[in-house]
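Trainee: Quick one: sequence and predicted model below, then my questions.
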Amino acid sequence: MNEFHGHMGNVDDEFLFQRIYDWKTLKRIWSYFSPYKSLVLASLLILPFIAVLQLSQPYIIKLAIDENIVKKNLKGFNLLALLFLGSLVGQYLLTFLQQYILQLAGQKIIQDLRIQLFSHLQRMPYSFFDKNSVGSLVTRVTNDVESLSEMFTAGVAGFAGDFFILLGIVAIMLTMNVKLALVTFTIVPLLAIIAIIFRTKSRDANRLIRVKLSNLNSFLNENITGIETVKLFNREKKNIKEFQRINDEYRIPNIRSVYYDAILYAFVELIGAIAVALIIWFGGGQIVRQTITFGALVAFIEYVDKFFRPIRDLSTKYAIMQQAMASSERIFNLLDEKEEVYAPEPSSSPQTASVMDGEGKLKNLQGEIIFRDVYFSYNPGDYILKDVSFKINPGEKIAIVGATGGGKSTIIKLLSRFYDIDRGEVLIDGTDIRGLDKSWLRTQISVVLQDVFLFSGDIMSNIRLGKNSITDEEVIEASKLVNAHRFISNLPDGYYETVRERGQNLSTGERQLLSFARALVFKPKVLVLDEATSSVDTITETLIQDALFKLTEGRTSIIIAHRLSTIQRVDRIIVLHKGMVRETGTHKELLNLRGIYYKLYQLQYKYHLEESSIL
């Protein structure tokens, strides 16, 4: 069960309206280049040589026209042709080398960023995942990071290369003919104005694209994960319609972005054509007046084409940069989220200092658990637990029962410090758990949940969960104790049988038995069974009951169950009702009390009688 009754809003919508100045974002992006500065620098150093080779080509054409074709003199013509061919081959070879080095640096940077994001997510508090959808987080680690990769490879290199080319073209054109160059440059301010206008519109569209993509991924994740429920309740058509709606919401900002890019591209094409027309008009007059050669005019037209080619590509590069900036905002907003603090909080209690080792760990954990006047709410003021107090002695087996939403599972989350209480105290061996290291605390508590999660891999790794100090023999022994060994041994590869995603190749009961083995192999001081037998059939449940109660000997055990038949042998039963402890006692004592527990037992007893009569 999950008593979380309210999400804290859509974090994606908050990201949409946040604004980070471009210079600040770019500065932060640049920090990821630092480990690979040598590769990036080598890539950038090649760009001037590419620019020189590219800019030499129109000038070679000018020389060929003025010195050979116009004068009908073929002397040196073959040499110019070889120079032109050599500049082309050299340009493409250097471009290949420059792109390879830049891509290599870019992939290393993206790898580092993706690892940082994943590591950050692993250290986020439990409450963070209540507020953020899986699809949204996956989008940040995949699509948003890929957008930054495109910026590193296409955007950065493209803008740097264009800078050298444009700088060279301006210098050459001014050297060749100042008047003709100035005529060409008269239209540049108009381009700048258009770029500024489209900058804001394109940026907003790309922000919205990233948000809608997160929504799309969230919907996909939810429906693929819940495909069994979808088919059982014939929701295919309804889900298709819902997907069409979400897909339309994603399509609209994409079309808007394409619209802006298309206008910018078309406008640059128009300006480029006007520039060529101006050169032909003005340059033609200069040819008539013999103030410029025909070769120089052809070279000018070539240079103008090369001048506007990167500007024409600007819409594509600009779209990449805008998507990357929008993605980087979302990535950095995620990275700025505060990670969970595992270190213990300072404690002034002299008793605490005497039983701890200085690192937030108890020297000799016994397993006594005390909840004292505990209040807790997921949403401020809406208390799930109210004035909850109880004590569990070391090695004692207690059960917590109550209606759905009464706060049973919340108690376990508070004990593991997935959340911190609003008021009161939670003590282990007399020490406030806020003074304990969270990592150490969680290693002392094994929790078996109703919804078992298995990772892709094999059965052995799913029981051991990466703790290499646990031997194969210990895994097998734990599996035998919970009667999982028999079905595991019957599998083709035994303990090394492949487990598919979420354990879909195993039955619900088999997955539950594996979770028992997983909990027990870690030898915890505190064992928690949260509705752990609800998914196990009656025969399997009978098999594991004796093993479970033997294993609970010597360790504090908390059993949360709806089936009251599974908890009659515990030492005490705590009855929660509407977030408050209403009754405490043994099974017999609570029945004699004829209160809430008695009513629950009567309802279940009556249900089982009716079920038996039907059968």
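Mentor: Nice, thanks for sending it over. Numbers count the residues shown, from 1 in each chain.
Trainee: Grab the nearest non-local neighbour of Asn73.
Mentor: Leaving aside its sequence neighbours, Asn73 sits nearest to Glu67 (CB to CB, 6 or more residues apart in numbering; 6.8 Å). The way it works is simple: take the backbone N, C-alpha and C, and place the C-beta from them, glycine included.
Trainee: Near the one you found, how many other residues are there?
Mentor: Neighbours of Glu67 under the rule other CB atoms under 10 Å: 16.
Trainee: Same check on Ala561?
Mentor: Neighbours of Ala561 under the rule other CB under 10 Å: 21.
Trainee: Can you verify my assumption that it contacts Glu531?
Mentor: Yes - Ala561 sits in contact with Glu531 when judged by CB atoms under 8 Å, with a separation of 6.3 Å.
Trainee: ok so, going back, dump the residue contacts of the residue nearest to Asn73.
Mentor: By CB atoms under 8 Å, 6 or more residues apart in numbering, the contact list for Glu67 reads Asn73, Gly76, Gly295.
Trainee: just checking, which of the residues you listed belong to helices?
Mentor: With DSSP state H as the criterion, helices contain Gly295 from among those.
Trainee: By neighbours, which of the contacts of Glu67 wins?
Mentor: That'd be Gly295 among the contacts of Glu67, by other CB under 10 Å, with 20 neighbours.
Trainee: what separates that residue from Val170, distance-wise?
Mentor: Separation of Gly295 from Val170 (CB to CB, to the nearest Å): 20 Å.
Trainee: do the same with Arg572
Mentor: 86 Å.
Trainee: The two: who's more crowded?
Mentor: More crowded of Arg572 and Val170, by other CB under 10 Å: Arg572, with 20 against 16.
Trainee: I'd like to know the beta-bridge partner residues of the more buried one.
Mentor: Ile398 (DSSP bridges).
Trainee: That one contacts Glu583, doesn't it?
Mentor: No - if you go by CB under 8 Å, Arg572 and Glu583 don't touch, sitting 10.4 Å apart.
Trainee: how about the strands in this structure?
Mentor: 369-379, 382-392, 397-402, 423-428, 431-432, 445-448, 457-458, 498-499, 526-530, 556-560, 572-577, 580-585 (DSSP state E).
Trainee: what distance separates the fifth one from the centre of its chain?
Mentor: Mean C-alpha position of strand 431-432 versus that of the full chain (CA atoms, centre = their mean, to the nearest Å) differs by 35 Å.
Trainee: Neighbouring strands - and their directions - for that strand?
Mentor: Next to strand 431-432 in the sheet, as set by DSSP bridges, lie strand 423-428 (antiparallel).
Trainee: what's the angle between the strand it pairs with and strand 526-530?
Mentor: Counting by axes from the mean of the first three to the mean of the last three CA atoms, to 10 degrees, strand 423-428 lies at 120 degrees to strand 526-530.
Trainee: right, and Leu415 touches Ile433 too?
Mentor: Yes - assessed by CB under 8 Å, Leu415 is found in contact with Ile433 at 7.4 Å.
Trainee: quick one: common contacting residues for these two?
Mentor: Contacts common to Leu415 and Ile433, judged by CB under 8 Å, 6+ apart, are Val426.
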